[in-house]
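What shape does this take:
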Amino acid sequence: MRPPSSPAVSAAVRQGLGVSVATGLYGVSFGALAVVSGLTLAQTMALSLLLFSGGSQFALIGVVAAGGSPVAAVATSTLLGARNTLYGAVVAPLLDVRGARRWAAAHLTIDESTAVAVGQRDRTAVRAGFWTTGIGVFVLWNLFTLVGALAGDALGDPRAWGLDAAAGAAFLALVWPRLAERRAQVVAGLAVVATLALVPVAPAGVPVLAAAGLAVVVGLVSSTPTGRGTAGAR
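Below is the predicted model of the structure:
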């Protein structure tokens with residue numbers, strides 16, 4: 001096992017901090033939009049602290065802003081957040097945590113922490129990347145959510161500041177290097193096609209789950225004897 005100061009761990013920490021800043025800044029957008037949609041400051045912060053899943057949070061306030069019922073808002077948010085279950089299945093064996101740390105890891109298992117973790121080759125770096133990103137995003141996301149909620153209408157449309165692209169750009173930068181393999185390119189292509197086909201007709205959250213489901217199917221197929229052992233490739 002490499003020491004904590006190894007280059008791999010240092011690189012994972014730097015990567016995690018960079019992603020945390022990009023994603024955390026996007027919290028301004030959520031805070032402002034939540035208040036504009038009719039949520040109080042307390043409701044906005046409780047949602048951000050307890051739910052802590054950006055896509056699910058935006059889905060919820062989107063339904064609320066459109067005049068949907070609370071049941072519809074929660075259902076849509078839950079559907080979109082179901083993807084975190086898939087992330088948990090991936091990172092749990094890598095982290096191997098027990099007790100209270102397991103509960104903390106579950107709460108911090110989001111798009112960004114998962115992407116940084118699985119992008120590392122060293123087990124110690126995996127853990128450093130996960131915890132750095134998870135904690136960093138949690139702190140900055142909630143901090144900037146508070147800033148956005150307090151600013152409210154004075155901020156204007158948060159998308160005009162480009163904050164809606166910051167988190168997506170950071171996540172794409174993490175995923176891009178992993179598209180070198182042919183199988184990863186095929187999965188990405190299928191995911192894009194499925195998402196584009198479903199977005200106009202399916203409820204929020206379904207396109208994301210469908211894309212993830214395709215990745216699972218490809219993984220299962222490639223792990224069979226006819227997959228020629230490609231499942232072990234990384």
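
Could you pull out the helices in the chain for me?
7-25, 27-36, 41-46, 54-65, 70-81, 83-95, 100-107, 111-118, 123-151, 163-175, 182-198, 206-222 (DSSP state H).

hey, least reliable of those by pLDDT?
Comparing mean pLDDT across these, the weakest is helix 163-175, with a mean of 55.

quick one: Ala82 and Trp103, what's the gap?
With distances taken as C-beta to C-beta, to the nearest Å, Ala82 is found 19 Å from Trp103. Placement of C-beta: from N, CA and C, glycine included.

Please say which of these two ends up with more neighbours.
Higher neighbour count among Ala82 and Trp103: Ala82, with 14 against 10, using other C-beta atoms under 10 Å.

Just the pLDDT for that one.
79.

phi, psi of it?
Phi and psi for Ala82, reported as degrees, to the nearest 10, are phi -60, psi -20.

mind listing what Ser6 touches?
122, 124-125 (C-beta atoms under 8 Å, 6 or more residues apart in numbering).

again with Ala210
Contacts of Ala210 (C-beta under 8 Å, 6+ apart): 194-195, 198, 202.

Please apply the same query to Leu60.
47, 51, 73-74, 76-77.

Quickly list the domain ranges of the chain.
Here the domain parsing of the chain from automatic domain parsing is 7-176, 180-234.

So which of the contacts of Ala210 wins on neighbours?
Ranked by neighbours (other C-beta under 10 Å), the contacts of Ala210 are led by Ala194, which has 20 neighbours.

Nearest residue to it in space, please, no chain neighbours.
Leaving aside its sequence neighbours, Ala194 sits nearest to Ala210 (C-beta to C-beta, 6 or more residues apart in numbering; 4.8 Å).

just Leu47 next, same as before
Using C-beta to C-beta, 6+ apart and skipping residues adjacent in sequence, the residue nearest Leu47 is Gln57, 5.9 Å away.
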